[in-house]
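Engineer: got a predicted model here, sequence first, then my questions.
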Amino acid sequence: MNKPMIGLPLCRWQLTSRDIGWFHLVGEKYIHAVTGFGAFPLMIPAFGDDLDMETVLDSVSGIMFGGSLSNVHPSCYGDDHPGLGLADQPRDATVLRLMRACIERGIPFLGICRGVQELNVLYGGTLHREVHEVEGRLDHREVKDVPDDVAYGPIHKVALTEGGVLHKLLGERQIEVNSLHGQGIDRLGEGLQVEAVCEDGQIEAVSVIGAKAFAVGVQWHPEYRYWEKADYNALIGAFHEAAREYQAKKLERRSEAALA
Ligand SMILES: N[C@@H](CCC(=O)NCCCC(=O)O)C(=O)O
């Protein structure tokens, strides 16, 4: 059996001042969190409505919606605010289409950081644009001028919802995670279950209620050196196991159709 293909939606950033200076890119650690589990990454360009969805959806066995320095545009959650920091509306448009299709078709997906924010927005939720400005919240932003293992190291605890997907998967009620985000879930989207909450009350993980397949988003970065942290490894491993199961069923359907 061929390796499962895992989709990685790309960001669209202008890296040079030329009109042709736009690049579609993804963080390398997300690629490693695909290849490290025996799968192959399919880079999905931020083409929005122009994306060939059928080719992508027929090819993948799962999609990992990775993080990004850019922020989901407030227009995606019904806010007329112009947005803070770096925007990437082509990524917004692409991801929301892809995530909706995954849910409809039962394609497993894992949202990471920006990815959990996109999931919440897809379900009609909203975002805090500056979590650290919210009364009682910690500052969840990346700590600058420190080595990677400090910036991406465990920094706060999260309580896992009893009986939730993450609690059942990890067998723990509390884990410690990293934190590199300025934005975060405000109003929870309808149809999502809270899976983890930070000690300051910030929602840090959700899952899709009644999903046909693995459908989880986390605010932290389990892809960072996942092999060194059992719960990161288990979370990404569970996503890949769901993708392998999806691929097996897809191939079975195709062989049955060929014999019919
Ligand atoms: N920009 C959003 C989402 C934060 C996020 O996805 N950070 C990822 C940083 C780069 C990486 O490690 O992939 C926010 O600030 O909330």
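Structural biologist: Cool, the structure landed. Residues are numbered from 1 along each chain as shown.

Engineer: hang on, isn't residue 212 packed against residue 106?
Structural biologist: Yes - counting by Cβ atoms under 8 Å, residue 212 does reach residue 106; the two are 3.2 Å apart. Backbone N, C-alpha and C define where each C-beta goes, glycine included.

Engineer: residues near the residue lying closest to residue 91 once chain neighbours are set aside, how many?
Structural biologist: Leaving aside its sequence neighbours, residue 91 sits nearest to residue 46 (Cβ to Cβ, 6 or more residues apart in numbering; 4.5 Å). Residue 46 has 22 neighbours, counted by other Cβ atoms under 10 Å.

Engineer: interface residues of this protein facing the ligand?
Structural biologist: 27, 66-71, 113-114, 180-183, 221 (Cβ under 6 Å from any ligand atom).

Engineer: got the contact list for the residue of the stretch 1-150 of the chain found nearest the ligand?
Structural biologist: Nearest residue of the stretch 1-150 of the chain to the ligand (Cβ to the nearest ligand atom) works out as residue 67 at 2.7 Å. Counting by Cβ atoms under 8 Å, 6 or more residues apart in numbering, residue 67 touches 27, 30, 112, 113, 114, 115, 180, 181, 221.

Engineer: 6 Å instead?
Structural biologist: Shown in contact with residue 67 (Cβ atoms under 6 Å, 6 or more residues apart in numbering): 112, 113, 114.

Engineer: for it, give its distance to residue 217.
Structural biologist: 11 Å (Cβ to Cβ, to the nearest Å).

Engineer: then residue 253?
Structural biologist: 27 Å.

Engineer: more crowded one of these two?
Structural biologist: residue 217 (27 against 10).

Engineer: neighbouring contacts of stretch 239-255?
Structural biologist: By Cβ under 6 Å, 6+ apart, stretch 239-255 touches 4, 37, 61, 62, 108, 110, 213, 214.

Engineer: want to throw those residues into JSON lines with pLDDT?
Structural biologist: Shown next, in JSON lines, are the contacts of stretch 239-255 (pLDDT from 0 to 100):
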{"residue": "4", "pLDDT": "98"}
{"residue": "37", "pLDDT": "98"}
{"residue": "61", "pLDDT": "98"}
{"residue": "62", "pLDDT": "99"}
{"residue": "108", "pLDDT": "98"}
{"residue": "110", "pLDDT": "99"}
{"residue": "213", "pLDDT": "98"}
{"residue": "214", "pLDDT": "98"}
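
Engineer: want to throw these into CSV with neighbour count and secondary structure?
Structural biologist: Formatted as CSV, the contacts of stretch 239-255 follow (neighbours: other Cβ atoms under 10 Å; DSSP: H, G, I helix; E, B strand; the rest coil):
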residue, neighbour count, secondary structure
4, 24, coil
37, 19, coil
61, 27, coil
62, 27, strand
108, 28, coil
110, 29, strand
213, 20, coil
214, 25, coil
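
Engineer: farthest-apart pair in these, please.
Structural biologist: 37 and 213 (16.4 Å; Cβ to Cβ).

Engineer: mind listing the strands for this structure?
Structural biologist: In the chain, the segments counted as strands under DSSP state E are 5-9, 11-14, 22-25, 40-44, 62-65, 109-112, 127-128, 156-160, 174-177, 184-185, 192-198, 203-208, 215-218.
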